[in-house]
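# Please find the sequence and the predicted model below.
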Amino acid sequence: MMKKMLLFLVLVLGAYPLLAQSKTLSGTVTDANDGSPLPGVNVLVQGTTSGTQTDFDGNFNIDATEGDVLIFSYLGMLSQEVTVGSSSTINVSMVEDASQLDEVVVTALGLERQAKSLSYANQQVETKELTQARSINVLEGLSGKVAGISVTRSTSGVGAPTKVLMRGNRSIGGSSQPLYVVDGILLNGDINNISPDDIQEISVLRGANAAALYGSRASNGAIVITTKSGKGAREGVSATLGFTSTISNPINLLQLQNEYGQGAGGTYGAQATTSWGPRFDGGQVAHWSNDPNYPLFGQTYAYQAQPDNVTDFFQNGYDLATNLGININSEKSNVFIGYTYTDAEGIIPGNNLDRHSISTRITTKVTDKLQVDAKLNYIRDNFSNILSTGEGFDNPVRYLFKTPRNIRTEDFQNFQFINDEGKLRQHYFLPQFNGGGNPYWTINNIQRPRIDERVLGLLSLKYQITDDLSILGRSAIDRSNRNEEFFRFNDSYTVAQFGSYERTQRVVSDWNSDVLINYNKQITDDFKIDLNAGANLRTFRSDQVRGAGSNFTIENFFALSNTQNPLATEEFETFETQSVYGLAEFSYKNAIFLNLTARNDWSSTLPEANRSYFYPSVGLTAVVTDLVNLDNSPLSFLKLRANWAEVGNDTDAFSLSRRADIRFGSLDINPEQPNPDLRPETTESLELGFDSRWFDNRLRFDFTWYTTSTFDQIFSTPTPVASGIAQLFQNGGDIQNRGVEIILGATVFQTPDFSWDINLNFGSYQSEVLAIADGFDRVTVESDFVRDYVLQVGGEFGDIYSRGYQRDDNGNVIVDELGLPLITPGRDEVKVANFNPDWTGGIQNSFRYKNFNLSALIDIRQGGSTTSFTEAILARDGVLESTLEGREGGLIFGDNFFSGETAVREDGSPNTVAVRAEDFWNRVGGRNTPVGEAFVRDLSNIRLRELVVGYTVPQSFLSKTFMTSANVSLVGRNLFFITNKAENFDPEALSDVDNEAEGTSAFPLPTTRSMGVSINIGF
């Protein structure tokens, strides 16, 4: 019996391993932040080589035995270990690894590098928000997310260009914006019309240090874009479909008065362009119509306020974006095809944009050693009407804001009529007034339609010669074509009384070809080298033909042949840059990294003697926590970094000889004197910083200090009139910027069901002009009616000078016998403003509760100032709310009016003379000689930039449908100002994106808030 029992136990125990048979496990891996599926997650049975990866929808299948431990690992996420139990389903929610110690990022030349090895400041931007709380211009999505970055935009309407600055302005005659690189394609422009749905990753390389190998154009840093290639998607065919619909409405910040109407001196005038008339009383006054057939022509109407005659002009805009992405993947090839259609309309009727963007990218292994990467992206932008900006007479907002407070919307909306001669004429209260007009006429009869086409192409071949040696050859092009027209109907006051027509065609191509050899070798267990050497050839070409004419023979027949003085101009520009470069990285224990770069350029735009210029960089990084055992320390990760770099730069084509143009059959010599001895511009940069992580990576703190100096700049300086030339092209200038950048992040709370993350960024810099040029300690870069944009030794880049108050030796404002302040005779005597902020920052909170997520971004700008040209003109017109005080008199400057000033009479006695508001604002306001000092505004503001509230549909529900993933979000952008010291305008809104547009606000469009819904589906 005992023997039988022992035999039974042996058989049972021996069979136990057979009972614990392997079984197939399945499940889904998602991102704990928003519940979205994670493709490409590695799933490994601990202690074995058995493993798999999740597919595009985060799903996986793997064979394992109960009791086995599965290890889930994914780039940028904390690894997780899960013990196999009785269930055959395992779902994992992965949490972001705040340290991201082994994160791989795309850097210069498209090279992938360990993030911890970088010796310069580099920041990744989350692309998810770009597709949800999206903007038509993808660059606007960077606001508040990157330390030390400043984003401003033009007010030319829907799809307007955007300006990005990193670490401030520094170039006098050129651009201070970064270089944009997409999949190795060095763009001639920016990424404003790149579809955010195609973007996989954005790396912001701040400063010259980060971008030394990209050459001249990267002296202001680089923004490197990696687009989707299908990598990470499951084998076979998969797709995503996205819809975003937002409604934008204007936030009209301008404060207008509604107590007084047309007239001057308290007397009504039907044709008056100002609002200094009598107080509204509802009585009958003469109507202003100049249309003999208008019902109120020669009649009267009620004299009363029209509080909505400005807001009535605007409408709600919209942005509808539809995106389809298709992945076709096999073992050796990845294919991505994307199409995005954008239908958008601005807040001014007729300001529309249709955008089509189609892209395809193919990466394939032809053989085990040869890999091909090919990309083609076609973008077509159709603008129905590009709005004019600034103080110019084509800007409809100018006419709108100047509208007297009693003008009715229904009268202005009848903006045109046919006169007795059968000709189309403008309906306006003072016909042919210089600088006046009906804003509805302007948006309907002054039109600038434009079609932009852009092609981005790339072909890259990489051959792996040995395990350690490879060679890469690629060629890329950024080609754009613009076809633009400009119509002005007859009777467009001031600008085209007898009509005008323009047509422009421009083709620009920027072709870059390069070859790169890489040698990557682990020399010993501790030492590794990574060597790169390459060469680049850049060929740039621009062709433009423009025809313009005015004074139609046949009214409103838009053809150049119908104008009395047509003028045709042709512009051609071409240059070539040849380069060789090298990069070496030496690492010790994968913890200390020495990086060296060197580049030499030969530019066709510089004289032969100075055509060749060399620039190097050196960087050192030490990951202290990989070198020192800190097991008992709250410090999880510490990296110290230092970098020094020098970057050269050339100039525009045809800068070495004096240009001659042929106009109307005669020779026109360009008034700018070239310089045959030009030297290349140089930027030197020094950067120090550290990256740290604390308390198991729950707290993150990055710090950067930098200084840059840009000297030997190439720009024009004025010359004496008797010399026969207007300007001299020369080297000069030394602009120094110093600043700090801080990134602080924290995982405040983290559980499987709930998490709260907060990220803050801060950037501050100071600019100083160290030198101008031989014989100059001051130069005026740009001028207009209200200000001079001045560079002066000892001053800052961006100093604004204007007319100001005359003051005595004690700084008191001197008033005349009428009690009105005396004004300086010129614009160049009083420094009134500087556009640069003291600091910028962003605060982003991200919350997740199960399948719900919420993200809120607060954008902060502190400091900086401008002078408001808008308010200067409108104050003199009497339409601003600020002009109500003292309409009947009683204003004493320096006492109960502008009380921050102390005013004295010319004999030094205190000012006691009372004045009327109309007299004061006529003295300091207006268009031709405004006093900029009276209209200085602080640009500090805090706004809720983005808000996203989303829900991810659970996989348990989706498994019963054709969908593999689904997310719906309520989104908002620019929802409201928390504070805005400028009060009457948005500090981000400029008339243009050039440096010269800074420092003044001139009739910008109202800023807009956008709200809507975003839906993304995978199948």
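Good, I have the coordinates.

# ranges for the strands of the stretch 151-300 of the chain?
Applying DSSP state E, counting those that start in this stretch to the stretch 151-300 of the chain gives strands spanning 162-166, 179-182, 185-186, 199-205, 222-227, 236-251, 284-286, 300-302.

# Could you tell me the least trusted of these?
Mean pLDDT per stretch puts strand 185-186 lowest among the strands of the stretch 151-300 of the chain, at a mean of 82.

# to the chain's geometric centre, what's the distance from that strand?
The chain centroid and the centroid of strand 185-186 are separated by 18 Å under Cα atoms, centre = their mean, to the nearest Å.

# got it, and stretch 580-587?
32 Å.

# same question, stretch 511-522
For stretch 511-522, the distance to the chain centre is 31 Å (Cα atoms, centre = their mean).

# returning to that earlier point: could you redo the strands of the stretch 151-300 of the chain as CSV and give each row mean neighbour count and distance to Gln505?
Glycine gets a C-beta too; all of them are placed from N, C-alpha and C. Putting those into CSV (neighbours: other Cβ atoms under 10 Å; distance: least, Cβ to Cβ, whole Å) gives the following:
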stretch, mean neighbour count, distance to Gln505
strand 162-166, 24, 25
strand 179-182, 24, 24
strand 185-186, 22, 24
strand 199-205, 21, 30
strand 222-227, 24, 28
strand 236-251, 18, 32
strand 284-286, 15, 49
strand 300-302, 13, 48
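
# Let me know which of these is the nearest to Asn731.
Among the strands of the stretch 151-300 of the chain, strand 179-182 comes nearest to Asn731, with 22.3 Å by Cβ to Cβ.

# Just the C-alpha atoms of the closest one, please, in PDB.
Extracted in PDB, the C-alpha atoms of strand 179-182 (Å, rounded to 0.1, in the frame of the first residue of the first chain):
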ATOM      1  CA  LEU A 179      16.300  77.300 -38.700                       C
ATOM      2  CA  TYR A 180      13.600  74.800 -39.400                       C
ATOM      3  CA  VAL A 181      14.500  71.300 -40.400                       C
ATOM      4  CA  VAL A 182      12.000  68.600 -41.400                       C
END
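
# where do the helices sit along the stretch 651-800 of the chain?
Ranges of helices in the stretch 651-800 of the chain, per DSSP state H, counting those that start in this stretch: none exist.

# just the chain next, same as before
Secondary structure of the chain, counting by DSSP state H: helices at 2-19, 128-132, 207-210, 396-402, 409-413, 439-445, 624-627, 869-877, 917-924, 955-958.

# most packed of those helices?
Neighbour counts (mean count of other Cβ atoms under 10 Å) averaged over each of the helices of the chain peak at helix 207-210, with a mean of 31.

# tell me the mean pLDDT over that helix?
For helix 207-210, mean pLDDT is 71.

# Which one, of the strands of the stretch 151-300 of the chain, ends up nearest to Leu1005?
Ranking these by proximity to Leu1005 (Cβ to Cβ) places strand 236-251 first, at 7.7 Å.

# Can you list the strands that that closest one pairs with?
With DSSP bridges as the test, strand 236-251 is paired with strand 317-329 (antiparallel), strand 1007-1018 (antiparallel).

# Can you lay out the strands of the stretch 151-300 of the chain as TSV showing distance to Ala997?
Output for these, formatted as TSV (distance: least, Cβ to Cβ, whole Å):
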stretch	distance to Ala997
strand 162-166	8
strand 179-182	20
strand 185-186	26
strand 199-205	23
strand 222-227	21
strand 236-251	21
strand 284-286	41
strand 300-302	40
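
# Looking at these, spot the one closest to Asn761.
Across the strands of the stretch 151-300 of the chain, closest to Asn761 is strand 199-205 (Cβ to Cβ), at 10.9 Å.

# name the helices or strands packed onto that closest one?
Judged by 3 or more Cβ pairs under 8 Å, 6 or more residues apart in numbering; DSSP states H and E, strand 199-205 is in contact with strand 104-106, strand 122-125, strand 222-227.

# Adding distance to Thr574, write those out as a markdown table.
As requested, these are arranged in a markdown table below (distance: least, Cβ to Cβ, whole Å):
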| stretch | distance to Thr574 |
| --- | --- |
| strand 104-106 | 31 |
| strand 122-125 | 34 |
| strand 222-227 | 24 |
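
# Need the pLDDT of Val106.
Reported pLDDT for Val106: 65.

# Kindly report the same for the one 4 residues further on.
At Gly110 the predicted local confidence, pLDDT, stands at 65.

# And for Tyr294?
97.

# For the stretch 751-900 of the chain, just list every one of the strands.
Going by DSSP E, counting those that start in this stretch, the stretch 751-900 of the chain shows strands at 754-771, 778-783, 788-792, 799-802, 813-815, 830-834, 839-849, 852-862, 865-868.

# Indicate which one of these is closest to Asp420.
Closest of those to Asp420 is strand 865-868, at 42.9 Å (criterion: Cβ to Cβ).

# strands paired with the closest one, and their directions?
When DSSP bridges is applied, strand 865-868 pairs with strand 936-938 (antiparallel), strand 1000-1001 (parallel).

# Glu646 is nearest to which of the ones you listed?
Here strand 1000-1001 is closest among the strands paired with strand 865-868 (Cβ to Cβ), at 34.7 Å.

# Minimum distance to Gly207: which of the strands paired with strand 236-251 has it?
strand 1007-1018 (30.0 Å).

# If we go by neighbour counts, what in that closest one is buried?
Within strand 1007-1018, the residues that count as buried by 16 or more other Cβ atoms under 10 Å are 1007-1012, 1014, 1016-1018.
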